[in-house]
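[1] task: produce atomic coordinates for the following.
(one chain, ligands or ions: 1)
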Amino acid sequence: MDSSSSLARRAGTRDDPYGQMREARKQPLLLHSMTVFREIFEVVFAHREIRSVVEVGVESGQVSGMYLDLGATAVYCVDPGATARLRATLAENPALHLVTTPSPEVLPELPVADLYVLDGDHNYAVVERELSWILENAPGAVVVMHDLMWPCARRDLYYEPSPLAPADKHESSADGPTAWHDELTPAGFVGAGAFTVARHAGGERNGVATAVEDVLGRKGNELWRFELVPAVFGMGVLYRATPDADERLADALRPYSNSNLLATMENNRVALYTRVLQMQYEAAAQAGHADQLADTVSAQRREIDQLKAELHRAWEALRKR
Ligand SMILES: C[S@@+](CC[C@H](N)C(=O)[O-])C[C@H]1O[C@@H](n2cnc3c(N)ncnc32)[C@H](O)[C@@H]1O
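    Numbering: from 1, shown residues only. All right, here's what the predicted structure looks like:
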């Protein structure tokens, strides 16, 4: 594609100046699905022979079919919270296998895969066990992980109701984090019943990034390499180095993993999004106050009407005397 047609593709043309904003309107307000990483998956598939995939955390199923497009022949779609919509989506393709036992417990029950995609319960206990099992039992696999940056990097998130033992959980809160201060707030990134988050961030055994560091730091795991793509909550790619082949994979990932531009845009994205959340919260609170005020005014109006009626009756009684 020459540079002028790429300009037209991204920015619209003088005859159709709205093309870019039509694309913008198609996106949800908060990008969170791994579908946005398609070009990174293309790089991974181009450098490794990937036939089988274990996808942990599927949600809508919109990513599952992408692995088949890229060359996989079987995808094990693990999600204990599978909705009717997800079941219907996966039922359309016999190469997509729904698995409802949670990870990490389910991993030993599935065929060893060429690619593991970890995007399920984003906390230290689960991710540490998932990675420990994969690095020991699937040394030839590539592991792609999501949510390695804010908010889950250094703070556990627990899908609720959480199956974790109390010892595996930090004290949690329904309030959420925000880019604008360090404390949790009801006006932050909240789970609204779907998940809670650890009350404090940082420290030991807290967050997805901490789990990755601990597992990679263990004796015997020195040959595993890790690259972070600093966009859309952070995507990690983990693979065991073998001479030449993986140097090429590292080279191909480098424009993404070295990109300060992506990291800056991600910081700006979460700052803007959490500002929107705060404004929505304040607008809802204002609407609540306005409702309360309207209730008070109508109660006072009823009281005044009653008093007027009593006054009228008293006046009539006086007149008749
Ligand atoms: C962030 S969503 C996944 C999004 C999906 N990967 C995408 O990119 O579109 C997380 C999903 O993980 C599921 N989940 C929660 N705990 C899990 C577990 N222990 N094992 C597997 N999936 C889990 C939830 O039900 C939820 O659907």
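[2] what's near enough to touch the residue nearest to residue 221 when sequence neighbours are not counted?
    Once flanking residues are discounted, residue 221 sits nearest to residue 135: 5.7 Å by C-beta to C-beta, 6 or more residues apart in numbering. Using the backbone N, CA and C atoms, a C-beta is placed for each residue, glycine as well. Residues in contact with residue 135 (C-beta atoms under 8 Å, 6 or more residues apart in numbering) are 215, 221, 224.
[3] so which of these sit within strands?
    Among those, the members found in strands (DSSP state E) are residue 224.
[4] one step back: looking at the residue nearest to residue 221 now. What's its pLDDT?
    Residue-level confidence at residue 135 comes out at 98, pLDDT.
[5] for the one 3 residues further on, same thing?
    The predicted local confidence for residue 138 comes out at a pLDDT of 97.
[6] tell me who's in contact with it.
    For residue 138, the contacting residues are 112-113, 116, taking C-beta under 8 Å, 6+ apart as the criterion.
[7] select only the buried ones of the residues you listed in ChimeraX?
    In ChimeraX syntax, the buried subset of the contacts of residue 138 is picked out as below (16 or more other C-beta atoms under 10 Å):
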select :113,116
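[8] and which of the contacts of residue 138 is nearest residue 57?
    The shortest gap between residue 57 and any of the contacts of residue 138 belongs to residue 116, at 11.2 Å (C-beta to C-beta).
[9] quick one, longest helix in this structure?
    helix 260-320 (DSSP state H).
[10] how far is that one from where the chain is centred?
    Taking C-alpha atoms, centre = their mean, to the nearest Å, one finds helix 260-320 lying 33 Å from the centre of the chain it belongs to.
[11] is residue 90 in contact with residue 77, as I believe?
    Yes - contact status for residue 90 versus residue 77: in contact at 5.7 Å, counting by C-beta atoms under 8 Å.
[12] settle it for me: which of those two has more neighbours?
    Using other C-beta atoms under 10 Å as the criterion, residue 90 and residue 77 rank with residue 77 on top: 26 against 22.
[13] so which bits of stretch 240-258 are buried?
    Applying 16+ other C-beta under 10 Å to stretch 240-258 flags 240, 246, 249, 252-253, 256-257 as buried.
[14] pLDDT, distance to the ligand and secondary structure for these - can I get that in CSV?
    Compiled in CSV, the buried residues of stretch 240-258 are given as follows (pLDDT from 0 to 100; distance: C-beta to the nearest ligand atom, whole Å; DSSP: H, G, I helix; E, B strand; the rest coil):
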residue, pLDDT, distance to the ligand, secondary structure
240, 92, 23, strand
246, 67, 25, helix
249, 92, 22, helix
252, 95, 22, helix
253, 96, 19, helix
256, 98, 17, helix
257, 96, 19, helix
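[15] most widely separated two among those residues?
    The largest separation in the buried residues of stretch 240-258, counting by C-beta to C-beta, is between 240 and 256 at 19.8 Å.
[16] still on that earlier bit, by neighbours, which of the contacts of residue 135 wins?
    For the contacts of residue 135, the largest neighbour count, defined by other C-beta under 10 Å, is 21 neighbours, found at residue 215.
[17] which residue, neighbours along the chain excluded, lies closest to that residue?
    Spatial nearest neighbour of residue 215, excluding adjacent residues (C-beta to C-beta, 6+ apart): residue 131 at 4.3 Å.
[18] and residue 256, what does it touch?
    Shown in contact with residue 256 (C-beta under 8 Å, 6+ apart): 40, 227, 229, 231, 262.
[19] so which of the residues you listed belong to helices?
    When the contacts of residue 256 are checked against helices (DSSP H), the matches are 40, 262.
[20] need phi/psi at residue 9.
    Torsion angles at residue 9 (phi, psi; degrees, to the nearest 10) stand at phi -70, psi -40.
[21] just give me the neighbour total for it.
    As a burial measure, the neighbour count of residue 9 was computed by other C-beta under 10 Å and equals 13.
[22] repeat that for residue 319.
    Using other C-beta under 10 Å, residue 319 is surrounded by 7 other residues.
[23] residue 26 now?
    Neighbouring residues of residue 26 were enumerated by other C-beta under 10 Å; the total is 7.
[24] so for residue 90 and residue 77, which residues contact both of them?
    Shared between the contact lists of residue 90 and residue 77 (criterion: C-beta under 8 Å, 6+ apart) are residues 58, 61, 64, 96-98.
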